[in-house]
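> Build me a structure from this.
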Amino acid sequence: MTDVRTRVEDVRVELLARVHEIGPVLAGGVEQGDRERRLPDASVRAIDESRVSRLWTAREFGGLETDVRTLSEVTKALSHYCPSTSWVVNNINGSNLLAFRFPREARDEVFGDNPGAKLASVFVAAGTAEPAPGGYRLTGRWPYASGILHDDWAILSAKVTGGGGAVSVLVPVADLAVEDTWATVGMRATGSHTVVAHDVAVPAHRVIPVEAQLGRQNATDLTLPPLFRSPAVAAMAVICASVVIGIGQAARAVVVDRAPSRGVAPTRYTSQPDSRAFVAALGGTALAIDGAELHLNRAADVIDGAAAAGVALPEAELRRIRGDVGQAVNLTTVALDELMWAHGAAAFAESNPLQQFWRDANTAARHAMLNVHVGRELYGGSFFGLDPIVPSL
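Predicted coordinates:
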């Protein structure tokens, strides 16, 4: 067990080194990405060359097949350089994890000739799948497809016409149209536009029930690697939250770094650390961000531990994970507000990275998986045996 842990730690160290190596490229593309509402080509090349988008791709296809905690650490580190890149990388990895649920024929089609294949996924059943000879005909519009401008395949949800239930459909991006609909104040470079399918033919081996896609039936299958025994929805929620916590950590670093050369208007303090009020406020804010990371690490470690042991997490634990995720994000966004106050009005200058962090974190925090109120209700309800209020945990 010690050898396994050592190998995992070695992999994390190597991957974090890769992030810091490409970090200047990612940071250098933030302004362009924000303006053009897509990742710059240089950032996409850096993602591909560093292989950070392959952490949740199967090893048999050239992926790194890491665990949840490792991707969480990588995602937090990426956020220090470019939150939008971090979000896109987390979406690619999560979608690649979900691709493993499709039959072998589909996985070969996606990754066989392209180990670095990048996927997007949208799980609002906003389309229809009409049965047809050999498969289905897919039609619909799916918003918020993060990273779609750089992806090769998309996993989309649809309802089978005639009452056949909901299905998950794997489609080449080349078969889809992209509508330019992503006009937001934050996370602009994710290019989370709307994808459109017009009567697209999809073979049967690339269509599975949504329950098979998002369910937890693999939890105890010891023939699978631990990553693919993980509860996919819970794992993806942790990684989405990791983007926000990484932003909070990056913003804290900026405030600390610049504090000695900044005064406290309109007082006589010429250096912020001379102010006890500033120092105390920063201490409280720093502890809140530390607390957010502790919530997140607990969730990731619980998922990884169960996956390694091949045991299914009880529903109460999965509900607590959603509570952890929402609480971590809420702690971070509140802390970011405090950091903006601590730094002063200059935080909102377009040239100041703090305003970018603030916009991106608050936009990402509103993702449905990260809703703090839903997380609290899920966790609170677990103490009384109340039914969960979301279909997939």
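
> For R59, give me its contacts.
When contacts are counted by C-beta atoms under 8 Å, 6 or more residues apart in numbering, R59 touches 65, 225. The C-beta positions use only the backbone N, C-alpha and C, and glycine is treated the same way.

> when you give positions from now on, start the count at 53
Fine by me, first position is 53 from now on; the one you just mentioned is R111.

> For it, give its distance to E117.
4 Å (C-beta to C-beta, to the nearest Å).

> what is in contact with the two at once?
The contact lists of R111 and E117 share P277, where a contact means C-beta under 8 Å, 6+ apart.

> and the protein, what are its domains?
Following automatic domain parsing, one finds the domains of the chain at 54-163, 171-261, 278-434.

> Return stretch 241-254 as PDB; C-alpha atoms alone will do.
Extracted in PDB, the C-alpha atoms of stretch 241-254 (Å, rounded to 0.1, in the frame of the first residue of the first chain):
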ATOM      1  CA  ALA A 241     -12.800  31.800 -22.600                       C
ATOM      2  CA  THR A 242     -14.500  28.400 -21.900                       C
ATOM      3  CA  GLY A 243     -16.500  29.000 -25.100                       C
ATOM      4  CA  SER A 244     -19.500  27.200 -23.500                       C
ATOM      5  CA  HIS A 245     -21.700  27.600 -26.600                       C
ATOM      6  CA  THR A 246     -24.700  25.700 -27.700                       C
ATOM      7  CA  VAL A 247     -24.300  22.600 -29.800                       C
ATOM      8  CA  VAL A 248     -27.000  21.700 -32.300                       C
ATOM      9  CA  ALA A 249     -27.900  18.400 -34.000                       C
ATOM     10  CA  HIS A 250     -30.100  18.300 -37.100                       C
ATOM     11  CA  ASP A 251     -31.200  14.700 -37.800                       C
ATOM     12  CA  VAL A 252     -27.700  13.300 -37.100                       C
ATOM     13  CA  ALA A 253     -27.400   9.500 -37.600                       C
ATOM     14  CA  VAL A 254     -25.900   7.800 -34.600                       C
END
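
> Tell me how far stretch 311-328 lies from the chain's centre.
With C-alpha atoms, centre = their mean, to the nearest Å as the basis, stretch 311-328 stands 37 Å off its chain's centre.

> er, stretch 347-366 I mean
18 Å.

> How about stretch 133-145?
7 Å.

> what about it, average pLDDT?
Mean pLDDT, computed over stretch 133-145, is 98.

> Just want the most central residue of the protein.
Centroid-nearest residue in the chain, with C-alpha atoms, centre = their mean: C292, separated by 3.0 Å.

> Does it touch N142 like I think?
Yes: under the criterion of C-beta atoms under 8 Å, C292 makes contact with N142 at 6.2 Å.

> mind listing what's buried in the biggest strand by length in the chain?
Using DSSP state E, we find that the single longest strand of the chain is strand 171-184. Neighbour-count burial for strand 171-184, counted by 16 or more other C-beta atoms under 10 Å, picks out 171-175, 177-181.

> could these go into CSV alongside pLDDT and distance to L107?
Output for the buried residues of strand 171-184, formatted as CSV (pLDDT from 0 to 100; distance: C-beta to C-beta, whole Å):
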residue, pLDDT, distance to L107
L171, 97, 13
A172, 97, 16
S173, 96, 16
V174, 94, 21
F175, 88, 21
A177, 72, 28
A178, 81, 28
G179, 92, 29
T180, 96, 33
A181, 97, 30
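
> Now distance to V306 too, for these, in JSON lines please.
Shown next, in JSON lines, are the buried residues of strand 171-184 (distance: C-beta to C-beta, whole Å):
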{"residue": "L171", "distance to V306": "33"}
{"residue": "A172", "distance to V306": "31"}
{"residue": "S173", "distance to V306": "32"}
{"residue": "V174", "distance to V306": "33"}
{"residue": "F175", "distance to V306": "35"}
{"residue": "A177", "distance to V306": "41"}
{"residue": "A178", "distance to V306": "39"}
{"residue": "G179", "distance to V306": "42"}
{"residue": "T180", "distance to V306": "47"}
{"residue": "A181", "distance to V306": "47"}
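
> And these, which two are furthest apart?
The span of the buried residues of strand 171-184, defined through C-beta to C-beta, is set by L171 and T180 at 21.5 Å.
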